[in-house]
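Asker: Coordinates only, no sequence provided:
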């Protein structure tokens, strides 16, 4: 079966711009989580969605937002980009929360 | 835990030897634990998980041990192969509304041929 698909794979944006990243979970998976990975901070939880509802949110500013659609696909948005937002953004899906999370390959965002 | 910054701890093992990767977790409410492997340019790959009602679980060439008393998790890899070279992360989460994966900083496993 197809894995977790994240698009785009690479993105370069300018400070102040906004960006939208997309994640298509494994078919049948209803839970989608987003993580930010940087060399300095490691993997940090952004938010989790289950059945179109945000279930949990990490300690990130309000510039980071997300949503989940009825087909379980999810998007995250970062507004007013800062240089420090440069990171690998990872999406993980699972059948339900706390039920084995499968990660996508991520979107590498570079803010210049 | 402490910040490792750009340099992750490295474990170097000889091909064919067994590897043991350790992880200390901090949240006593965590009851679900996962080990991930991440290769360069890829997302974390699920290796094995364990719930808090168990103290040992075995997979193919891998074993996870959980010691809740001292909040310690370990991953044992039998007959380590060059393809096992990667960064390994442990992750923990509690049950319920606050469930979210909290990752350790990661350990680099380097397999010598």
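Answerer: Yep, it's here. All of these numbers come straight from a predicted model, not from anything done at the bench.
Asker: how about the residues of chain B near chain A?
Answerer: Residues of chain B lying close to chain A (CB under 8 Å from any CB of the partner chain) are B:3-6, B:32, B:34, B:36, B:41-46, B:49, B:89, B:91, B:93, B:95, B:97-106. Quick note: C-beta positions are derived from backbone N, CA and C, even for glycine.
Asker: give me the beta-bridge partners of the nearest residue to residue B:56 once chain neighbours are set aside?
Answerer: Nearest non-adjacent residue to residue B:56, counting by CB to CB, 6 or more residues apart in numbering or on different chains: residue B:65, 5.4 Å away. Beta bridges link residue B:65 to residue B:56, residue B:74, judged by DSSP bridges.
Asker: which of the residues of chain B next to chain A count as buried?
Answerer: Neighbour-count burial (16 or more other CB atoms under 10 Å in any protein chain shown) applied to the residues of chain B next to chain A gives B:4, B:32, B:34, B:36, B:43-44, B:46, B:49, B:89, B:91, B:93, B:99-106.
Asker: So residue A:100, which state does it fall into?
Answerer: Here residue A:100 takes the coil state, with states given by DSSP: H, G, I helix; E, B strand; the rest coil.
Asker: Quick check: next helix or strand after the one helix or strand residue A:45 maps to?
Answerer: Counting by DSSP states H and E, the element that carries residue A:45 is strand A:42-50. Downstream of strand A:42-50, the next assigned helix or strand under DSSP H and E is strand A:53-57.
Asker: ok, that following strand: who's next to it in the sheet?
Answerer: strand A:42-50 (antiparallel).
Asker: can you list contacts of stretch A:57-75?
Answerer: A:20-25, A:29-30, A:32, A:34, A:36, A:44-54, A:76-80, A:91, A:93, B:100 (CB atoms under 8 Å, 6 or more residues apart in numbering or on different chains).
Asker: Show me which positions of that stretch end up buried.
Answerer: Result for stretch A:57-75 [16+ other CB under 10 Å]: buried residues A:58, A:60, A:64-68, A:72-75.
Asker: Identify the bridge partners of the nearest residue to residue B:98 once chain neighbours are set aside.
Answerer: Distances taken as CB to CB, 6+ apart put residue A:56 closest to residue B:98, at 6.5 Å, once the chain neighbours are dropped. In this entry, residue A:56 is beta-bridged to residue A:48, by DSSP bridges.
Asker: try residue A:12
Answerer: With DSSP bridges as the criterion, residue A:12 is bridged to residue A:110.
Asker: If I follow the layout properly, it ends up in contact with residue A:108?
Answerer: No. Assessed by CB atoms under 8 Å, residue A:12 is found out of contact with residue A:108, at 9.2 Å.
Asker: For the spatially most central residue of chain A, which three-state class applies?
Answerer: Nearest to the geometric centre of chain A sits residue A:34, at 3.4 Å (CA atoms, centre = their mean). Here residue A:34 is strand, with the state taken from three-state DSSP.
Asker: Next up, the contacts around it.
Answerer: Neighbouring residues of residue A:34 by CB under 8 Å, 6+ apart: A:23, A:45-48, A:66, A:74, A:76, A:89-92.
Asker: Any chance of JSON lines for those residues, columns pLDDT?
Answerer: Shown next, in JSON lines, are the contacts of residue A:34 (pLDDT from 0 to 100):
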{"residue": "A:23", "pLDDT": "98"}
{"residue": "A:45", "pLDDT": "95"}
{"residue": "A:46", "pLDDT": "97"}
{"residue": "A:47", "pLDDT": "94"}
{"residue": "A:48", "pLDDT": "94"}
{"residue": "A:66", "pLDDT": "97"}
{"residue": "A:74", "pLDDT": "98"}
{"residue": "A:76", "pLDDT": "98"}
{"residue": "A:89", "pLDDT": "98"}
{"residue": "A:90", "pLDDT": "98"}
{"residue": "A:91", "pLDDT": "97"}
{"residue": "A:92", "pLDDT": "96"}
